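In: Kindly generate the corresponding structure for this input.
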Amino acid sequence: MALAATAGCGGGTSAASGAEQAVPGSSSAGPAGAGGEGATEQGFGGDLSEASDMDTLSRYIDVFTSCKDVVPGAEYDAGHGAEDTAWGTQEAADPSWGIKERAVCKDFRHPIALLLVSDMRKFQTAAKKNNDLSAIGRNYAVVPVGDDQIEALSPSGLAFLTCDPDFSPPSGHRTEKALVDGCVLSGYFPA
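Out: Sure, this is the predicted structure:
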């Protein structure tokens with residue numbers, strides 16, 4: 001397992017327990033063997049967590065909001081209509097996004113796109129160009145659909161990625177420059 005909640009945005013605590021959440025066998029300094037393809041230093045002092053695989057990422061997200069029935073993105077897309085679409089169908093197929101793998105899980109009502117990202121700079125550049133919002137770790141992104149999911153992820157230690165020049169979080173929320181000019185990472189998750 002290779003994902004740990006760290007002391008970046010959100011404080012790395014679970015809203016339910018107040019205790020630090022960590023996946024067994026991981027550390028906030030990064031997992032053994034991590035830091036390979038696409039690993040780049042970005043905001044939050046390197047505190048963003050890293051996922052070694054989709055199973056690890058989905059289990060981590062499930063700590064904060066229900067993330068059940070994880071399936072590869074193409075399989076999910078084939079079985080769901082327009083009323084239940086998950087983000088990223090075209091984006092995952094486009095190399096300019098730097099997405100290595102896409103899967104989808106569901107909470108009780110909405111899909112959540114889970115993305116392993118091979119090049120975070122590419123991902124942030126494409127997100128800026130398309131004005132897309134996501135929650136990110138060091139080498140992954142999570143794109144929730146429902147406001148309840150966004151609120152539930154706010155204490156997860158993920159950073160909210162936005163390139164909106166008018167973004168202004170309330171005082172007390174950590175905000176730092178992202179890898180791409182004009183974008184920021186924030187501990188504030190607007191719903």
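In: Over to residue 71. Which of the three states is it?
Out: Following DSSP: H, G, I helix; E, B strand; the rest coil, residue 71 is assigned to strand.
In: which residues pair with it across the strands?
Out: Residue 71 has these beta-bridge partners by DSSP bridges: residue 104.
In: how deep is it tucked in, by neighbour count?
Out: Using other C-beta atoms under 10 Å, residue 71 has 17 neighbouring residues. The way it works is simple: take the backbone N, C-alpha and C, and place the C-beta from them, glycine included.
In: and what of residue 101?
Out: Residue 101, neighbours per other C-beta under 10 Å, totals 16.
In: correct me, but residue 88 touches residue 94?
Out: No. Using C-beta atoms under 8 Å, residue 88 is not in contact with residue 94, being 9.7 Å away.
In: now the strands for the chain?
Out: Using DSSP state E, the strands of the chain run over 68-72, 99-106, 111-117, 134-136, 140-144, 159-162, 175-177, 184-186.
In: helices or strands next to the second one in the packing?
Out: So the one you mean is strand 99-106. Contacts defined by 3 or more C-beta pairs under 8 Å, 6 or more residues apart in numbering; DSSP states H and E place strand 99-106 against helix 54-64, strand 68-72, helix 73-79, helix 89-93, strand 111-117.
In: if we can go back for a sec, out of the strands of the chain, flag the one nearest residue 124.
Out: strand 159-162 (6.5 Å; C-beta to C-beta).
In: Residue 66 and residue 81, how far apart?
Out: Counting by C-beta to C-beta, to the nearest Å, the separation of residue 66 from residue 81 is 21 Å.
In: So for those two, which residue has more residues nearby?
Out: The residue with more neighbours, out of residue 66 and residue 81, is residue 66; 17 against 7, by other C-beta under 10 Å.
In: I appreciate the help and will end here.
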